[in-house]
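Q: Kindly return the folded structure for what I paste below:
(one chain, ligands or ions: 1)
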Amino acid sequence: MDNPRQLAFIALRWVQRGAYADVALDRVLRQTDLSSVDRRLATELVYGSVRRQRSLDALIDQLAKKKAQQQPPELRIILHLGLYQLRYLDHIPDAAAVNSTVELAKKNGFSGLANFVNGLLRQYLRLATREDPLKLPDHSVERLGILHSYPDWIIEVWLKQFGYKETEQLCAWFNKPPAIDLRINPLRASVEKVTTALQEAEVGVTRVANLPQALRFTTSTGAIEKLPGFDAGWWTVQDSSAQLVSHILDPQPGEVVIDACAAPGGKTTHIAELMQDTGTIWACDRTVSRLKKLQQNIARLQLKSIKIRTGDSCNLPQFVNVADRVLLDAPCSGLGTLHRHADARWRQTPETVQELTVLQTELLTHVATWVKPGGVLVYATCTLNSEENEAIVQAFLTQHPCWRIEHPAANSIGAPYATSSGWMQVLPHYQSMDGFFIVRLQKESQ
Ligand SMILES: C[S@@+](CC[C@H](N)C(=O)[O-])C[C@H]1O[C@@H](n2cnc3c(N)ncnc32)[C@H](O)[C@@H]1O
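A: Numbering: from 1, shown residues only. All right, here's what the predicted structure looks like:
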(Lines give C-alpha, C1' and ligand atoms only; values in the text may rest on other atoms or scores of the structure.)
Protein backbone atom coordinates (compact mmCIF):
# COMPACT_ATOMS: atom_id res chain seq x y z
CA MET A 1 0.00 0.00 0.00
CA ASP A 2 2.32 2.70 -1.19
CA ASN A 3 0.53 5.44 -3.00
CA PRO A 4 -2.90 7.07 -3.19
CA ARG A 5 -3.69 5.67 -6.64
CA GLN A 6 -2.90 2.11 -5.55
CA LEU A 7 -5.06 2.63 -2.44
CA ALA A 8 -7.89 4.00 -4.55
CA PHE A 9 -7.57 0.97 -6.86
CA ILE A 10 -7.86 -1.42 -3.91
CA ALA A 11 -10.87 0.43 -2.50
CA LEU A 12 -12.57 0.44 -5.91
CA ARG A 13 -12.00 -3.32 -6.18
CA TRP A 14 -14.00 -3.69 -2.94
CA VAL A 15 -16.70 -1.45 -4.35
CA GLN A 16 -16.83 -3.58 -7.51
CA ARG A 17 -17.48 -6.58 -5.25
CA GLY A 18 -20.40 -4.81 -3.57
CA ALA A 19 -18.92 -2.75 -0.72
CA TYR A 20 -20.20 0.76 0.00
CA ALA A 21 -17.72 3.33 -1.32
CA ASP A 22 -17.27 5.04 2.07
CA VAL A 23 -16.76 1.71 3.87
CA ALA A 24 -14.21 0.52 1.29
CA LEU A 25 -12.32 3.80 1.43
CA ASP A 26 -12.29 3.84 5.22
CA ARG A 27 -10.97 0.27 5.25
CA VAL A 28 -7.93 1.12 3.09
CA LEU A 29 -7.23 4.50 4.63
CA ARG A 30 -7.16 3.03 8.13
CA GLN A 31 -4.25 0.78 7.16
CA THR A 32 -2.01 3.53 5.85
CA ASP A 33 0.04 6.46 7.07
CA LEU A 34 -0.39 8.57 3.93
CA SER A 35 -0.03 12.34 4.22
CA SER A 36 -3.26 14.32 4.40
CA VAL A 37 -2.73 15.52 0.80
CA ASP A 38 -2.46 11.93 -0.45
CA ARG A 39 -5.47 10.87 1.63
CA ARG A 40 -7.47 13.62 -0.02
CA LEU A 41 -6.36 12.44 -3.46
CA ALA A 42 -7.26 8.80 -2.69
CA THR A 43 -10.67 9.95 -1.43
CA GLU A 44 -11.30 12.10 -4.50
CA LEU A 45 -10.27 9.27 -6.83
CA VAL A 46 -12.53 6.70 -5.16
CA TYR A 47 -15.63 8.88 -4.83
CA GLY A 48 -15.06 10.54 -8.20
CA SER A 49 -14.60 7.26 -10.11
CA VAL A 50 -17.72 5.80 -8.50
CA ARG A 51 -19.79 8.92 -9.10
CA ARG A 52 -18.63 9.39 -12.71
CA GLN A 53 -18.81 5.69 -13.59
CA ARG A 54 -21.30 6.08 -16.44
CA SER A 55 -19.41 8.93 -18.13
CA LEU A 56 -16.10 7.07 -17.74
CA ASP A 57 -17.56 3.86 -19.17
CA ALA A 58 -18.97 5.82 -22.12
CA LEU A 59 -15.46 7.14 -22.80
CA ILE A 60 -14.01 3.61 -22.71
CA ASP A 61 -16.78 2.45 -25.07
CA GLN A 62 -15.81 5.19 -27.49
CA LEU A 63 -12.02 4.97 -27.23
CA ALA A 64 -11.41 1.19 -27.02
CA LYS A 65 -12.33 -1.66 -29.36
CA LYS A 66 -13.97 -3.57 -26.49
CA LYS A 67 -16.79 -1.96 -24.51
CA ALA A 68 -16.17 -1.10 -20.85
CA GLN A 69 -18.38 -4.00 -19.74
CA GLN A 70 -16.20 -6.45 -21.69
CA GLN A 71 -12.87 -5.21 -20.28
CA PRO A 72 -11.34 -7.24 -17.44
CA PRO A 73 -13.01 -5.74 -14.33
CA GLU A 74 -9.76 -4.59 -12.69
CA LEU A 75 -8.48 -3.03 -15.91
CA ARG A 76 -11.76 -1.14 -16.14
CA ILE A 77 -11.07 0.33 -12.68
CA ILE A 78 -7.58 1.38 -13.79
CA LEU A 79 -8.97 3.06 -16.91
CA HIS A 80 -11.60 4.83 -14.79
CA LEU A 81 -8.86 6.15 -12.52
CA GLY A 82 -6.77 7.45 -15.44
CA LEU A 83 -9.68 9.01 -17.33
CA TYR A 84 -11.08 10.52 -14.13
CA GLN A 85 -7.83 12.36 -13.48
CA LEU A 86 -7.57 13.61 -17.07
CA ARG A 87 -11.17 14.73 -17.32
CA TYR A 88 -12.07 16.01 -13.86
CA LEU A 89 -8.92 16.87 -11.88
CA ASP A 90 -7.28 20.13 -12.87
CA HIS A 91 -4.46 19.89 -10.34
CA ILE A 92 -2.94 16.69 -11.78
CA PRO A 93 -0.70 17.31 -14.83
CA ASP A 94 -1.76 15.17 -17.78
CA ALA A 95 1.62 13.42 -18.00
CA ALA A 96 1.45 12.45 -14.31
CA ALA A 97 -2.08 11.09 -14.76
CA VAL A 98 -1.07 8.98 -17.78
CA ASN A 99 2.25 7.70 -16.37
CA SER A 100 0.83 6.82 -12.95
CA THR A 101 -2.07 4.94 -14.57
CA VAL A 102 0.32 2.95 -16.77
CA GLU A 103 2.36 2.11 -13.65
CA LEU A 104 -0.82 1.04 -11.87
CA ALA A 105 -1.62 -1.32 -14.74
CA LYS A 106 1.88 -2.86 -14.60
CA LYS A 107 1.75 -3.23 -10.82
CA ASN A 108 -1.60 -5.00 -10.85
CA GLY A 109 -1.06 -7.72 -13.41
CA PHE A 110 -1.65 -5.83 -16.66
CA SER A 111 1.96 -5.32 -17.87
CA GLY A 112 0.93 -6.82 -21.19
CA LEU A 113 -1.77 -4.14 -21.57
CA ALA A 114 0.36 -1.17 -20.45
CA ASN A 115 0.63 0.05 -24.06
CA PHE A 116 -3.13 -0.20 -24.46
CA VAL A 117 -3.68 1.89 -21.32
CA ASN A 118 -1.10 4.44 -22.44
CA GLY A 119 -2.60 4.60 -25.94
CA LEU A 120 -6.18 5.04 -24.74
CA LEU A 121 -5.32 7.85 -22.34
CA ARG A 122 -3.17 9.63 -24.93
CA GLN A 123 -5.93 9.30 -27.49
CA TYR A 124 -8.27 10.97 -24.99
CA LEU A 125 -5.81 13.85 -24.63
CA ARG A 126 -5.34 14.18 -28.39
CA LEU A 127 -9.09 14.39 -29.00
CA ALA A 128 -9.54 16.81 -26.10
CA THR A 129 -7.39 19.43 -27.83
CA ARG A 130 -10.10 19.75 -30.51
CA GLU A 131 -13.43 18.88 -28.86
CA ASP A 132 -14.96 17.01 -25.94
CA PRO A 133 -13.98 13.36 -26.50
CA LEU A 134 -17.23 12.28 -24.81
CA LYS A 135 -19.76 11.94 -27.64
CA LEU A 136 -23.36 12.38 -26.54
CA PRO A 137 -26.58 11.00 -28.02
CA ASP A 138 -29.40 13.38 -29.01
CA HIS A 139 -32.01 11.79 -26.77
CA SER A 140 -32.27 14.05 -23.71
CA VAL A 141 -32.47 11.32 -21.04
CA GLU A 142 -29.38 9.46 -22.23
CA ARG A 143 -27.61 12.68 -23.04
CA LEU A 144 -27.90 14.01 -19.48
CA GLY A 145 -27.32 10.54 -18.00
CA ILE A 146 -24.03 10.06 -19.87
CA LEU A 147 -22.77 13.62 -19.58
CA HIS A 148 -23.41 13.92 -15.82
CA SER A 149 -23.25 10.22 -14.96
CA TYR A 150 -26.68 9.28 -13.64
CA PRO A 151 -28.92 6.31 -14.41
CA ASP A 152 -31.70 7.06 -16.90
CA TRP A 153 -34.48 6.53 -14.37
CA ILE A 154 -33.28 9.38 -12.10
CA ILE A 155 -33.04 11.70 -15.09
CA GLU A 156 -36.58 10.69 -16.10
CA VAL A 157 -37.92 11.36 -12.58
CA TRP A 158 -36.37 14.83 -12.56
CA LEU A 159 -37.26 15.74 -16.16
CA LYS A 160 -40.90 15.01 -15.33
CA GLN A 161 -40.79 17.24 -12.25
CA PHE A 162 -38.38 20.01 -13.17
CA GLY A 163 -37.84 20.10 -16.96
CA TYR A 164 -34.53 19.94 -18.87
CA LYS A 165 -32.74 23.04 -17.65
CA GLU A 166 -33.33 22.44 -13.96
CA THR A 167 -32.58 18.74 -14.25
CA GLU A 168 -29.22 19.64 -15.74
CA GLN A 169 -28.59 22.09 -12.88
CA LEU A 170 -29.49 19.40 -10.32
CA CYS A 171 -27.21 16.88 -12.04
CA ALA A 172 -24.29 19.30 -11.92
CA TRP A 173 -25.00 20.30 -8.30
CA PHE A 174 -24.98 16.72 -7.00
CA ASN A 175 -21.60 16.12 -8.64
CA LYS A 176 -19.99 18.81 -6.49
CA PRO A 177 -18.55 18.15 -3.03
CA PRO A 178 -21.08 18.69 -0.22
CA ALA A 179 -20.96 21.57 2.26
CA ILE A 180 -20.81 20.70 5.95
CA ASP A 181 -23.15 22.49 8.34
CA LEU A 182 -23.38 22.58 12.11
CA ARG A 183 -26.37 22.99 14.38
CA ILE A 184 -25.52 24.80 17.59
CA ASN A 185 -27.01 23.32 20.76
CA PRO A 186 -28.46 26.39 22.49
CA LEU A 187 -28.58 24.51 25.82
CA ARG A 188 -24.76 24.33 25.88
CA ALA A 189 -23.43 27.16 23.69
CA SER A 190 -24.29 30.10 21.48
CA VAL A 191 -23.58 30.65 17.79
CA GLU A 192 -21.12 33.41 18.77
CA LYS A 193 -19.25 31.18 21.24
CA VAL A 194 -18.88 28.37 18.71
CA THR A 195 -17.84 30.77 15.94
CA THR A 196 -15.10 32.24 18.14
CA ALA A 197 -13.84 28.84 19.29
CA LEU A 198 -13.66 27.56 15.70
CA GLN A 199 -11.95 30.71 14.45
CA GLU A 200 -9.34 30.33 17.19
CA ALA A 201 -8.72 26.83 15.80
CA GLU A 202 -8.34 28.45 12.34
CA VAL A 203 -11.56 26.95 11.01
CA GLY A 204 -13.84 29.33 9.13
CA VAL A 205 -17.64 29.34 9.42
CA THR A 206 -20.45 31.51 8.17
CA ARG A 207 -24.09 31.94 9.25
CA VAL A 208 -26.85 30.36 7.15
CA ALA A 209 -29.71 32.72 6.23
CA ASN A 210 -32.97 32.17 8.18
CA LEU A 211 -31.64 29.29 10.29
CA PRO A 212 -30.94 30.53 13.82
CA GLN A 213 -28.77 27.62 14.93
CA ALA A 214 -26.87 26.90 11.71
CA LEU A 215 -23.24 27.52 10.74
CA ARG A 216 -21.52 26.38 7.53
CA PHE A 217 -17.82 25.56 7.31
CA THR A 218 -15.97 27.74 4.84
CA THR A 219 -12.56 26.08 5.21
CA SER A 220 -11.38 22.50 5.53
CA THR A 221 -11.84 21.11 9.02
CA GLY A 222 -9.64 18.06 9.57
CA ALA A 223 -11.22 15.46 11.85
CA ILE A 224 -14.57 16.93 12.88
CA GLU A 225 -14.66 15.19 16.30
CA LYS A 226 -11.43 16.95 17.27
CA LEU A 227 -12.86 20.45 16.77
CA PRO A 228 -13.57 22.61 19.83
CA GLY A 229 -16.94 22.00 21.45
CA PHE A 230 -17.65 18.58 19.94
CA ASP A 231 -17.04 16.57 23.11
CA ALA A 232 -18.81 19.20 25.21
CA GLY A 233 -21.97 18.88 23.10
CA TRP A 234 -21.93 22.46 21.79
CA TRP A 235 -22.91 21.41 18.29
CA THR A 236 -23.95 18.62 15.95
CA VAL A 237 -23.17 18.13 12.26
CA GLN A 238 -26.48 18.51 10.44
CA ASP A 239 -27.31 19.93 7.04
CA SER A 240 -29.31 23.15 7.00
CA SER A 241 -32.32 21.62 5.27
CA ALA A 242 -32.49 18.85 7.89
CA GLN A 243 -32.51 21.61 10.54
CA LEU A 244 -35.47 23.16 8.79
CA VAL A 245 -37.59 20.07 9.46
CA SER A 246 -37.64 20.33 13.28
CA HIS A 247 -38.31 24.08 13.10
CA ILE A 248 -41.34 23.35 10.91
CA LEU A 249 -42.53 20.74 13.42
CA ASP A 250 -42.22 23.59 15.97
CA PRO A 251 -42.29 21.48 19.16
CA GLN A 252 -43.12 23.29 22.38
CA PRO A 253 -41.64 22.79 25.87
CA GLY A 254 -43.48 20.16 27.91
CA GLU A 255 -45.20 18.44 24.96
CA VAL A 256 -45.21 14.78 24.00
CA VAL A 257 -43.48 14.38 20.63
CA ILE A 258 -42.83 11.14 18.76
CA ASP A 259 -40.10 10.85 16.16
CA ALA A 260 -41.18 7.76 14.22
CA CYS A 261 -37.95 7.16 12.27
CA ALA A 262 -35.45 8.74 14.59
CA ALA A 263 -32.02 7.16 14.22
CA PRO A 264 -29.27 8.36 14.28
CA GLY A 265 -31.10 11.24 15.93
CA GLY A 266 -30.18 14.41 14.04
CA LYS A 267 -33.75 15.64 14.25
CA THR A 268 -34.68 14.01 17.59
CA THR A 269 -31.88 15.85 19.37
CA HIS A 270 -32.84 19.07 17.62
CA ILE A 271 -36.44 18.62 18.80
CA ALA A 272 -35.18 18.13 22.38
CA GLU A 273 -33.11 21.31 22.13
CA LEU A 274 -36.09 23.29 20.81
CA MET A 275 -38.17 21.99 23.75
CA GLN A 276 -35.43 23.04 26.18
CA ASP A 277 -35.07 19.39 27.08
CA THR A 278 -38.49 19.29 28.78
CA GLY A 279 -41.54 17.11 28.04
CA THR A 280 -41.09 13.70 26.43
CA ILE A 281 -39.69 12.76 23.07
CA TRP A 282 -40.14 9.18 21.98
CA ALA A 283 -37.42 8.21 19.51
CA CYS A 284 -38.58 5.14 17.55
CA ASP A 285 -36.57 3.22 14.98
CA ARG A 286 -36.25 -0.38 13.91
CA THR A 287 -32.48 -0.38 13.25
CA VAL A 288 -30.54 -1.23 16.38
CA SER A 289 -27.12 -0.18 15.04
CA ARG A 290 -28.46 3.27 14.13
CA LEU A 291 -30.13 3.59 17.54
CA LYS A 292 -26.72 3.06 19.17
CA LYS A 293 -25.53 6.19 17.35
CA LEU A 294 -28.62 8.00 18.63
CA GLN A 295 -27.69 6.98 22.18
CA GLN A 296 -24.16 8.33 21.68
CA ASN A 297 -25.54 11.62 20.36
CA ILE A 298 -27.95 11.97 23.29
CA ALA A 299 -25.07 11.36 25.74
CA ARG A 300 -22.72 13.82 24.02
CA LEU A 301 -25.38 16.55 23.84
CA GLN A 302 -26.37 15.77 27.47
CA LEU A 303 -30.10 15.53 26.77
CA LYS A 304 -32.54 13.90 29.19
CA SER A 305 -35.98 14.16 27.61
CA ILE A 306 -35.51 11.50 24.90
CA LYS A 307 -36.79 7.93 25.37
CA ILE A 308 -35.86 5.26 22.86
CA ARG A 309 -38.28 2.64 21.53
CA THR A 310 -36.86 -0.04 19.24
CA GLY A 311 -39.39 -1.48 16.82
CA ASP A 312 -41.47 -1.20 13.70
CA SER A 313 -43.27 2.14 13.61
CA CYS A 314 -45.91 0.57 11.36
CA ASN A 315 -47.07 -1.27 14.44
CA LEU A 316 -46.77 0.51 17.79
CA PRO A 317 -50.42 0.72 18.96
CA GLN A 318 -49.40 1.91 22.46
CA PHE A 319 -48.84 5.38 20.99
CA VAL A 320 -52.37 5.87 19.58
CA ASN A 321 -53.66 9.37 20.53
CA VAL A 322 -50.59 10.04 22.69
CA ALA A 323 -48.66 12.74 20.81
CA ASP A 324 -49.02 16.48 20.47
CA ARG A 325 -46.70 16.22 17.47
CA VAL A 326 -45.26 13.42 15.36
CA LEU A 327 -42.33 13.61 12.98
CA LEU A 328 -42.13 11.05 10.18
CA ASP A 329 -38.71 11.56 8.58
CA ALA A 330 -39.37 8.66 6.27
CA PRO A 331 -36.89 6.18 4.76
CA CYS A 332 -36.53 7.31 1.13
CA SER A 333 -34.44 7.03 -2.02
CA GLY A 334 -32.25 9.96 -0.96
CA LEU A 335 -32.29 11.73 -4.33
CA GLY A 336 -31.78 15.01 -2.44
CA THR A 337 -28.49 13.90 -0.91
CA LEU A 338 -26.71 12.23 -3.84
CA HIS A 339 -23.68 14.52 -3.38
CA ARG A 340 -23.06 12.96 0.06
CA HIS A 341 -23.08 9.32 -1.10
CA ALA A 342 -21.06 8.66 -4.25
CA ASP A 343 -22.67 5.28 -4.92
CA ALA A 344 -26.28 6.07 -3.93
CA ARG A 345 -27.34 6.84 -7.52
CA TRP A 346 -26.29 3.33 -8.58
CA ARG A 347 -27.82 1.52 -5.57
CA GLN A 348 -31.37 2.88 -5.84
CA THR A 349 -33.58 1.57 -8.64
CA PRO A 350 -37.23 2.02 -9.67
CA GLU A 351 -37.88 -1.26 -7.82
CA THR A 352 -36.36 -0.02 -4.52
CA VAL A 353 -38.37 3.19 -4.89
CA GLN A 354 -41.52 1.13 -5.36
CA GLU A 355 -40.81 -0.77 -2.13
CA LEU A 356 -40.12 2.49 -0.32
CA THR A 357 -43.45 4.01 -1.37
CA VAL A 358 -45.26 1.02 0.15
CA LEU A 359 -43.34 1.47 3.42
CA GLN A 360 -43.86 5.26 3.42
CA THR A 361 -47.63 4.79 3.01
CA GLU A 362 -47.79 2.20 5.80
CA LEU A 363 -45.72 4.36 8.13
CA LEU A 364 -47.74 7.51 7.47
CA THR A 365 -51.05 5.69 7.93
CA HIS A 366 -49.99 4.19 11.26
CA VAL A 367 -48.10 7.09 12.82
CA ALA A 368 -51.01 9.44 12.03
CA THR A 369 -53.00 7.49 14.66
CA TRP A 370 -50.47 8.57 17.28
CA VAL A 371 -51.46 12.23 16.96
CA LYS A 372 -54.03 13.66 19.40
CA PRO A 373 -57.00 15.54 17.91
CA GLY A 374 -55.80 19.01 16.93
CA GLY A 375 -52.19 17.78 16.84
CA VAL A 376 -49.57 18.05 14.12
CA LEU A 377 -47.69 15.59 11.93
CA VAL A 378 -44.72 16.51 9.78
CA TYR A 379 -43.88 14.19 6.87
CA ALA A 380 -40.40 14.75 5.47
CA THR A 381 -38.00 13.03 3.08
CA CYS A 382 -34.57 13.89 1.73
CA THR A 383 -35.60 12.90 -1.77
CA LEU A 384 -36.66 14.78 -4.88
CA ASN A 385 -39.16 12.29 -6.23
CA SER A 386 -42.87 13.14 -6.37
CA GLU A 387 -43.85 9.45 -6.00
CA GLU A 388 -42.34 9.44 -2.50
CA ASN A 389 -43.50 12.94 -1.61
CA GLU A 390 -46.53 14.63 -3.10
CA ALA A 391 -48.18 11.34 -4.20
CA ILE A 392 -47.87 9.80 -0.71
CA VAL A 393 -49.35 12.86 0.97
CA GLN A 394 -52.14 13.28 -1.58
CA ALA A 395 -53.21 9.63 -1.23
CA PHE A 396 -53.13 9.96 2.57
CA LEU A 397 -55.30 13.09 2.53
CA THR A 398 -57.81 11.46 0.20
CA GLN A 399 -58.19 8.53 2.56
CA HIS A 400 -58.08 10.58 5.79
CA PRO A 401 -60.49 13.51 5.50
CA CYS A 402 -59.85 14.61 9.10
CA TRP A 403 -56.37 15.76 8.11
CA ARG A 404 -55.39 18.90 6.20
CA ILE A 405 -52.20 20.59 5.04
CA GLU A 406 -51.11 23.58 7.12
CA HIS A 407 -49.54 26.13 4.79
CA PRO A 408 -46.47 27.87 6.24
CA ALA A 409 -47.31 31.38 7.44
CA ALA A 410 -45.81 34.32 5.56
CA ASN A 411 -42.42 35.18 7.10
CA SER A 412 -42.24 31.81 8.89
CA ILE A 413 -39.08 29.72 8.59
CA GLY A 414 -40.71 27.47 5.99
CA ALA A 415 -42.12 30.30 3.84
CA PRO A 416 -39.16 30.56 1.40
CA TYR A 417 -39.62 26.89 0.44
CA ALA A 418 -43.44 26.84 0.23
CA THR A 419 -45.34 25.77 -2.85
CA SER A 420 -48.92 26.75 -3.69
CA SER A 421 -50.11 23.36 -2.38
CA GLY A 422 -48.67 24.11 1.06
CA TRP A 423 -45.84 21.62 1.09
CA MET A 424 -42.26 22.78 1.14
CA GLN A 425 -39.49 21.74 -1.17
CA VAL A 426 -35.82 22.60 -0.74
CA LEU A 427 -34.17 22.66 -4.15
CA PRO A 428 -30.38 22.36 -3.81
CA HIS A 429 -29.52 24.28 -6.98
CA TYR A 430 -31.42 27.30 -5.65
CA GLN A 431 -30.96 27.04 -1.90
CA SER A 432 -27.52 25.38 -1.63
CA MET A 433 -28.74 22.79 0.86
CA ASP A 434 -29.65 19.11 0.62
CA GLY A 435 -32.87 18.48 -1.30
CA PHE A 436 -35.84 17.99 1.02
CA PHE A 437 -39.60 17.66 0.97
CA ILE A 438 -41.50 18.74 4.09
CA VAL A 439 -45.21 19.00 4.75
CA ARG A 440 -47.02 19.93 7.95
CA LEU A 441 -50.35 18.18 8.44
CA GLN A 442 -52.95 18.99 11.08
CA LYS A 443 -55.53 16.63 12.54
CA GLU A 444 -59.03 18.00 13.08
CA SER A 445 -59.89 18.78 16.72
CA GLN A 446 -62.87 16.74 17.89
C1 LIG B 1 -34.22 9.08 6.95
S2 LIG B 1 -33.66 7.99 8.17
C3 LIG B 1 -33.98 8.89 9.66
C4 LIG B 1 -32.98 9.97 9.98
C5 LIG B 1 -33.24 10.62 11.31
N6 LIG B 1 -34.58 11.15 11.41
C7 LIG B 1 -32.25 11.75 11.59
O8 LIG B 1 -32.60 12.91 11.39
O9 LIG B 1 -31.14 11.45 12.02
C10 LIG B 1 -34.94 6.79 8.18
C11 LIG B 1 -34.92 5.85 9.35
O12 LIG B 1 -36.09 5.05 9.27
C13 LIG B 1 -35.82 3.83 9.90
N14 LIG B 1 -36.92 2.91 9.53
C15 LIG B 1 -37.17 2.35 8.33
N16 LIG B 1 -38.29 1.62 8.39
C17 LIG B 1 -38.77 1.70 9.66
C18 LIG B 1 -39.89 1.16 10.34
N19 LIG B 1 -40.76 0.37 9.71
N20 LIG B 1 -40.05 1.46 11.63
C21 LIG B 1 -39.17 2.24 12.28
N22 LIG B 1 -38.08 2.78 11.69
C23 LIG B 1 -37.89 2.53 10.39
C24 LIG B 1 -34.45 3.48 9.42
O25 LIG B 1 -33.82 2.57 10.31
C26 LIG B 1 -33.76 4.86 9.40
O27 LIG B 1 -33.04 5.05 10.58
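
Q: who in this protein is up against the ligand?
A: Residues of the chain lying near the ligand by CB under 6 Å from any ligand atom: 242, 261-267, 284-287, 290, 312-314, 329, 331, 359, 363. Just so you know, the C-beta spots here come from the backbone N, C-alpha and C atoms, and that holds for glycine as well.

Q: same thing but at 8 Å, please
A: Taking CB under 8 Å from any ligand atom as the contact definition, the chain meets the ligand at 238, 242, 245, 259-268, 270, 284-287, 290, 294, 311-314, 327, 329-332, 359, 362-363, 381-382.

Q: Of all the residues in the stretch 1-150 of the chain, which one is nearest the ligand?
A: Taking CB to the nearest ligand atom, the ligand has its nearest neighbour within the stretch 1-150 of the chain at Tyr20, 15.6 Å off.

Q: Distance check, that residue against Ala344.
A: The spacing between Tyr20 and Ala344, counted by CB to CB, to the nearest Å, is 9 Å.

Q: So between those two, which is more surrounded?
A: Ala344 (20 against 16; other CB atoms under 10 Å).

Q: Can you give me the pLDDT of that one?
A: Note on Ala344: pLDDT of 97.

Q: next one: Asp2
A: Asp2 carries a pLDDT value of 67.

Q: Hmm, Ser386 is touching Trp158, no?
A: No. With contact defined as CB atoms under 8 Å, Ser386 does not count as touching Trp158 (10.1 Å).

Q: Give me the more crowded residue out of those two.
A: The neighbour count for Ser386 versus Trp158, taken as other CB under 10 Å, is higher for Trp158 (23 against 15).

Q: before we move on, which element is the residue of the stretch 51-200 of the chain found nearest the ligand in?
A: Distance from the ligand to each residue of the stretch 51-200 of the chain (CB to the nearest ligand atom) is smallest for Arg183, at 10.8 Å. Assigned by DSSP states H and E, Arg183 falls within strand 181-184.

Q: Give me the helices and strands touching that strand, please.
A: Applying 3 or more CB pairs under 8 Å, 6 or more residues apart in numbering; DSSP states H and E, one finds that strand 181-184 contacts helix 191-200, strand 214-217, strand 235-237, helix 240-249.

Q: Mind listing the shared neighbours of Ser386 and Trp158?
A: The contact sets of Ser386 and Trp158 do not overlap (CB atoms under 8 Å, 6 or more residues apart in numbering).

Q: Give me the neighbour count for the closest residue to the residue of the stretch 51-200 of the chain closest to the ligand other than its chain neighbours.
A: Spatial nearest neighbour of Arg183, excluding adjacent residues (CB to CB, 6 or more residues apart in numbering): Gln238 at 4.4 Å. By the criterion of other CB under 10 Å, Gln238 has 22 neighbours.

Q: who's in contact with Ala262?
A: Residues in contact with Ala262, defined by CB under 8 Å, 6+ apart, are 268, 283-285, 291, 294, 308, 329.

Q: For the residues you listed, please prepare TSV with the additional fields pLDDT and neighbour count.
A: Converted to TSV, those look like this (pLDDT from 0 to 100; neighbours: other CB atoms under 10 Å):
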residue	pLDDT	neighbour count
Thr268	98	30
Ala283	98	28
Cys284	98	24
Asp285	98	24
Leu291	97	20
Leu294	97	22
Ile308	98	18
Asp329	98	24
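
Q: Tell me the one of the residues you listed nearest the ligand?
A: Of all these, the ligand sits closest to Asp329, with 3.6 Å by CB to the nearest ligand atom.

Q: Can you pull the phi/psi pair for the closest one?
A: As for Asp329, its main-chain torsions (degrees, to the nearest 10) stand at phi -90, psi 90.

Q: for it, what are its contacts?
A: Contact analysis of Asp329 by CB under 8 Å, 6+ apart lists 245, 259-262, 267, 380-381.

Q: In strands only, show me those residues.
A: If you go by DSSP state E, these have 259, 380-381 in strands.

Q: Rebuild the residues you listed as CSV, extending it with distance to Glu44, neighbour count and pLDDT.
A: Below are the ones in strands among the contacts of Asp329 laid out as CSV (distance: CB to CB, whole Å; neighbours: other CB atoms under 10 Å; pLDDT from 0 to 100):
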residue, distance to Glu44, neighbour count, pLDDT
Asp259, 35, 33, 98
Ala380, 31, 27, 98
Thr381, 29, 26, 98
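
Q: Go through these and name the one nearest the ligand.
A: Ranked by distance to the ligand (CB to the nearest ligand atom), these are led by Asp259 at 6.4 Å.

Q: wait, the closest one sits on Met275?
A: No. At 11.8 Å, Asp259 does not count as touching Met275 under the criterion of CB under 8 Å.

Q: Name the residues contacting each of these two.
A: Taking CB under 8 Å, 6+ apart as the contact rule, Asp259 and Met275 both touch Ile281.
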